[in-house]
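> What follows is a predicted structure for the sequence shown.
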Amino acid sequence: MARFVSFLFFGLLYVVFLFESVDSAPIAERALFSAVGGVQCNAARAKTVAGLTATQLAVGKLAKAASGDAATTSAVTTAQTGLKSAQAGIGQIALALVTGQDPPASGRQQVQDGLQSAQTALNSINSTDTSVTSAAQNALSSLNTTISAGSDVVSDCPS
């Protein structure tokens, strides 16, 4: 899964840099660039994908730190499920963009719902183990950065 997210991230970066010189591009390429969303939009998309990858890694570290705590392990599992759902939504959006279609609203909603589910799960963690609380804070911080980037996608991207 991490390879897919990395591929998606670098694919979006490629699109951003490929169309960086829009003024010199033929009309068909300009139309594609506009449909894809522009530089700010694609930068926000790339930050979201990178943030999701970082959050998944941070939640994985949290899972290791909380291996003996059943309540925290349950919350981590819920967070991981939410992140996987968000990743699947990003996959839908990326597929639509690559095939020249508008990103589906259902994909955006799936990303939003997945990130919110993960946030709720991480916020529910209450442990006295400092390694767990530290890992939970790192995961939540990474997730909040991802959510912020996702909000930028909503505001910077046309559809």
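That came through fine. Bear in mind the structure is a predicted one, so any value in this text is a computation, not a measurement.
> Strands of the protein, start to end?
Counting by DSSP state E, the chain yields no residue ranges for strands.
> low-scoring stretches of it, by residue?
Within the chain, the segments meeting pLDDT under 70 span 1-36, 159.
> switch to 80 and redo it
Along the chain, the parts satisfying pLDDT under 80 run over 1-37, 158-159.
> where along it do the helices fall?
2-18, 27-36, 38-65, 70-98, 105-123, 130-156 (DSSP state H).
> Would you tell me which one of the ones you listed is buried the most?
When the helices of the chain are scored by mean count of other Cβ atoms under 10 Å, the highest mean neighbour count falls to helix 38-65 (a mean of 21). Yep, even glycine has a C-beta here, placed from its N, CA and C like the rest.
> relative orientation of it and helix 130-156 in degrees?
Helix 38-65 runs at 160 degrees relative to helix 130-156, counting by axes from the mean of the first three to the mean of the last three Cα atoms, to 10 degrees.
> could you check the angle helix 105-123 makes with helix 38-65?
Using the same axes, to 10 degrees: helix 38-65 against helix 105-123 is 40 degrees.
> Helix 38-65: how far from the chain's middle?
5 Å (Cα atoms, centre = their mean, to the nearest Å).
> Repeat that for stretch 100-110.
Worked out by Cα atoms, centre = their mean, stretch 100-110 lies 14 Å from the chain centre.
> Straight-line length of that stretch, end to end?
Distance between the two ends of stretch 100-110: 20 Å, counting by Cα to Cα, to the nearest Å.
> List the contacts of that stretch.
Applying Cβ atoms under 8 Å, 6 or more residues apart in numbering, the external contacts of stretch 100-110 come out as 32, 35, 85-86, 88-93, 96-97, 153-154, 157, 159.
> Is D152 in contact with K47, as I believe?
Yes. Applying Cβ atoms under 8 Å, one finds D152 in contact with K47, separated by 7.0 Å.
> can you list residues touching both of the two?
Common neighbours of D152 and K47 (Cβ under 8 Å, 6+ apart) do not exist.
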